[in-house]
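Enquirer: Sequence plus the predicted model coming up.
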Amino acid sequence: MAKSVSIKPLADRVIVQPAAAEEKTKGGIIIPDTAQEKPQKGTVVAAGPGKKDEPVTVKVGDTVLYGKYSGTEISLEGEDYLIMRESDILAII
Amino acid sequence: MAKSVSIKPLADRVIVQPAAAEEKTKGGIIIPDTAQEKPQKGTVVAAGPGKKDEPVTVKVGDTVLYGKYSGTEISLEGEDYLIMRESDILAII
Amino acid sequence: MAKSVSIKPLADRVIVQPAAAEEKTKGGIIIPDTAQEKPQKGTVVAAGPGKKDEPVTVKVGDTVLYGKYSGTEISLEGEDYLIMRESDILAII
Amino acid sequence: MAKSVSIKPLADRVIVQPAAAEEKTKGGIIIPDTAQEKPQKGTVVAAGPGKKDEPVTVKVGDTVLYGKYSGTEISLEGEDYLIMRESDILAII
Amino acid sequence: MAKSVSIKPLADRVIVQPAAAEEKTKGGIIIPDTAQEKPQKGTVVAAGPGKKDEPVTVKVGDTVLYGKYSGTEISLEGEDYLIMRESDILAII
Amino acid sequence: MAKSVSIKPLADRVIVQPAAAEEKTKGGIIIPDTAQEKPQKGTVVAAGPGKKDEPVTVKVGDTVLYGKYSGTEISLEGEDYLIMRESDILAII
Amino acid sequence: MAKSVSIKPLADRVIVQPAAAEEKTKGGIIIPDTAQEKPQKGTVVAAGPGKKDEPVTVKVGDTVLYGKYSGTEISLEGEDYLIMRESDILAII
């Protein structure tokens, strides 16, 4: 399970722990195998305070879909995370 | 028939279930066969809350026209959907 | 004559029925034969509500001039229409 | 002399009747023969209402200078006009 | 000496009469001979009213420095002028 | 340890002293070795006042993550620093 | 020592007298020799009034760092200066 992390993203950035590469999720979502800009799934482990007058919508623990090439990879306490802007997140499952 | 789905799009994103590839719809709309940026038809199955001061206009159940290359494909409970911004939607039929 | 259609364009989009290709209109307007970006003439058959604080100016029935490559072609009840943003419309004749 | 025309430009668009190609105007203005972006002279025959909070400054009858490649050519009642945005107009003579 | 001209620039446009090509000015300014984007000197002969909420700062008679490739050349009563936006003017000497 | 410096960045600029190239930090963060846009770690030694209505969020002493190619290198009292905009900073650890 | 000059920069422009090419300054700052976008040091000799609601922050006499390719060179009373926007200035030393 994804645990929250002590890192604090700035502004509207969000840290997401990508879900393990599975083909069918508990909710039945299948990430298509086609080439460009596949959405992927992960869990929010940290969220910034948002931009001025625009608080961040996602919360720690939310399972989210995001574009395949969104974000920057970081490694934290031995696990891989993605740090991205909230606008790179497509939906909360 | 398109059913509503449990996924929650963020901001002004909308999830559309594309109509089956038919040549003439009940309303008489024929999607032209010419090459670039053909509008296509589908049904809204989920809509985000909209952006600040700009609530989303389309509602779940609306049949909409959108540009051919709009949105990102996702697969949900075995069916294909498109997640796109509301501004990619041209009209409600 | 252009009839109004039941489709509802979103935001500042307008649906225009292009005029038949004629060389001299009743009003005497001749569309020049030179190459790039020729204005063309048509009749508004549906207009969106406009953007926030900017209602659409054209009305159903207006004869309008627009740039040649404006809009996206759609076919509705057997007739061809163009769906475009109001900013693609140059003038009302 | 330029007569006003019945066409109504939208927003900040202006219809200009280009002056005949003369080398020295009554006011003594000579349009230079150098290559790129020569200003040209014409008479405003119709002006739109302007954009929100920005009424159009030029009036019908004004003689104006504009960049050579500004605007879109239209033909109206047998005469050639240019339809351009007011921001393409450099000055009123 | 530069005289004021009867032409009225629109918005934030300014008409400048370029100084004669001299190598050292009365104020001691030497325009460098290096290649790209040399500032040049001239006298304001007409200034527009400015944009909304942004009146033009330079006045007729001001000697100004501007980038070499700024503005559009016009010829007026036998003399060459440049018409440019006020933002192309670097400084008042 | 990073000491604060006497230089005053303008607007939303921040001066960061990059951390020594280590493979595993005290907090367990490992900067991945993959190619493009690796986040890196450093300590804020000076921060500007921020832009109008947007004070800077990071404080002197904060350990921050930033993109690999962010900022401009400067050398100050014999040590290398990076001067970057606050928006180049991804998170505070 | 840099003296103030009589030229008045417009808007948010600033005139900077570049420091002599030295390798180590009194404050210990060494400008690195690496290739792209090196910050450089100079003294402000004139500053514009700033843009609307954004007065200029630097004052005449401030020693500033700026990017190597910032600004336009001008020569004034026999000395070389750079005229640049305030946003090209990185920090005040």
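Expert: That came through, no problem.

Enquirer: which residue sits closest to residue A:50, ignoring its sequence neighbours?
Expert: If you skip the residues right next to it in sequence, residue A:50 has residue A:56 as its closest partner in space, 4.2 Å away by Cβ to Cβ, 6 or more residues apart in numbering or on different chains. Heads up, the C-betas are built off the backbone N, CA and C, glycines and all.

Enquirer: Now the residue in chain A that chain C sits nearest to: closest residue in space that isn't a chain neighbour?
Expert: Closest approach of chain A to chain C (Cβ to the nearest Cβ) occurs at residue A:53, with a separation of 16.5 Å. The spatial neighbour of residue A:53 that comes closest, neighbours along the chain excluded (Cβ to Cβ, 6+ apart), is residue B:52 at 7.2 Å.

Enquirer: Next, count neighbours for the one you found.
Expert: Residue B:52: 10 surrounding residues under other Cβ atoms under 10 Å in any protein chain shown.

Enquirer: and what of residue A:44?
Expert: In terms of burial, residue A:44 registers 22 neighbours under the definition other Cβ under 10 Å.

Enquirer: Quick check, central residue of chain A?
Expert: residue A:16 (3.2 Å; Cα atoms, centre = their mean).

Enquirer: Would you confirm that that one contacts residue A:45?
Expert: Yes - with contact defined as Cβ atoms under 8 Å, residue A:16 and residue A:45 form a contacting pair (6.9 Å).

Enquirer: list residues touching both of those two?
Expert: Shared contacts of residue A:16 and residue A:45 (Cβ atoms under 8 Å, 6 or more residues apart in numbering or on different chains): residue A:81.

Enquirer: Mind listing what's buried along stretch A:80-87?
Expert: A:81-86 (16 or more other Cβ atoms under 10 Å in any protein chain shown).

Enquirer: mind checking how far that stretch is from the chain centre?
Expert: Offset of stretch A:80-87 from its chain centre (Cα atoms, centre = their mean, to the nearest Å): 5 Å.

Enquirer: CA atoms only: put that stretch into CSV for me.
Expert: Extracted as CSV, the C-alpha positions of stretch A:80-87 are listed here (Å, rounded to 0.1, in the frame of the first residue of the first chain):
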residue,chain,number,x,y,z
ASP,A,80,9.9,5.3,-7.4
TYR,A,81,7.5,8.2,-7.5
LEU,A,82,6.4,10.7,-10.1
ILE,A,83,6.2,14.4,-9.3
MET,A,84,3.8,16.2,-11.6
ARG,A,85,1.5,19.2,-11.8
GLU,A,86,-2.1,18.6,-10.8
SER,A,87,-3.1,19.5,-14.3
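
Enquirer: what bridges to residue A:47?
Expert: Beta-bridge partners of residue A:47, counted by DSSP bridges, are residue A:14.

Enquirer: Point out the residues in chain A that sit beside chain G.
Expert: In this structure, chain A does not approach chain G anywhere, judged by Cβ under 8 Å from any Cβ of the partner chain.

Enquirer: in chain A, which spans are strands?
Expert: Read by DSSP state E, chain A holds these strands, from start to end of the chain: A:8-9, A:13-18, A:29-30, A:39-47, A:63-67, A:72-76, A:79-85, A:89-92.

Enquirer: so how far is the fifth one from its chain's centroid?
Expert: Centroid displacement of strand A:63-67 relative to its chain, using Cα atoms, centre = their mean, is 5 Å.

Enquirer: Show me what that strand is packed against.
Expert: Contact here means 3 or more Cβ pairs under 8 Å, 6 or more residues apart in numbering or on different chains; DSSP states H and E; on that basis strand A:63-67 packs against strand A:39-47, strand A:89-92.

Enquirer: ditto for the fourth one
Expert: Using 3+ Cβ pairs under 8 Å, 6+ apart as the contact criterion, the secondary-structure elements in contact with strand A:39-47 are strand A:8-9, strand A:13-18, strand A:63-67, strand B:72-76.

Enquirer: Go through the ones you listed and pick out the most buried.
Expert: Of the helices and strands packed on strand A:39-47, the one with the most neighbours on average (mean count of other Cβ atoms under 10 Å in any protein chain shown) is strand A:13-18, at a mean of 24.

Enquirer: List of residues touching that one?
Expert: A:2, A:5, A:7, A:9, A:40-48, A:56, A:58, A:64, A:66, A:71, A:74, A:76, A:79-86, A:89, F:90-91.

Enquirer: would you turn the helices and strands packed on strand A:39-47 into TSV with distance to residue B:20 and mean pLDDT?
Expert: TSV is the format used below for the helices and strands packed on strand A:39-47 (distance: least, Cβ to Cβ, whole Å; pLDDT from 0 to 100):
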stretch	distance to residue B:20	mean pLDDT
strand A:8-9	42	94
strand A:13-18	33	93
strand A:63-67	24	91
strand B:72-76	16	83
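
Enquirer: could you dump the ones you listed to CSV with distance to residue D:20?
Expert: As requested, the helices and strands packed on strand A:39-47 are exported to CSV (distance: least, Cβ to Cβ, whole Å):
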stretch, distance to residue D:20
strand A:8-9, 65
strand A:13-18, 62
strand A:63-67, 57
strand B:72-76, 56
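
Enquirer: how long is stretch A:61-77 from one end to the other?
Expert: Using Cα to Cα, to the nearest Å, the end-to-end distance of stretch A:61-77 comes to 18 Å.
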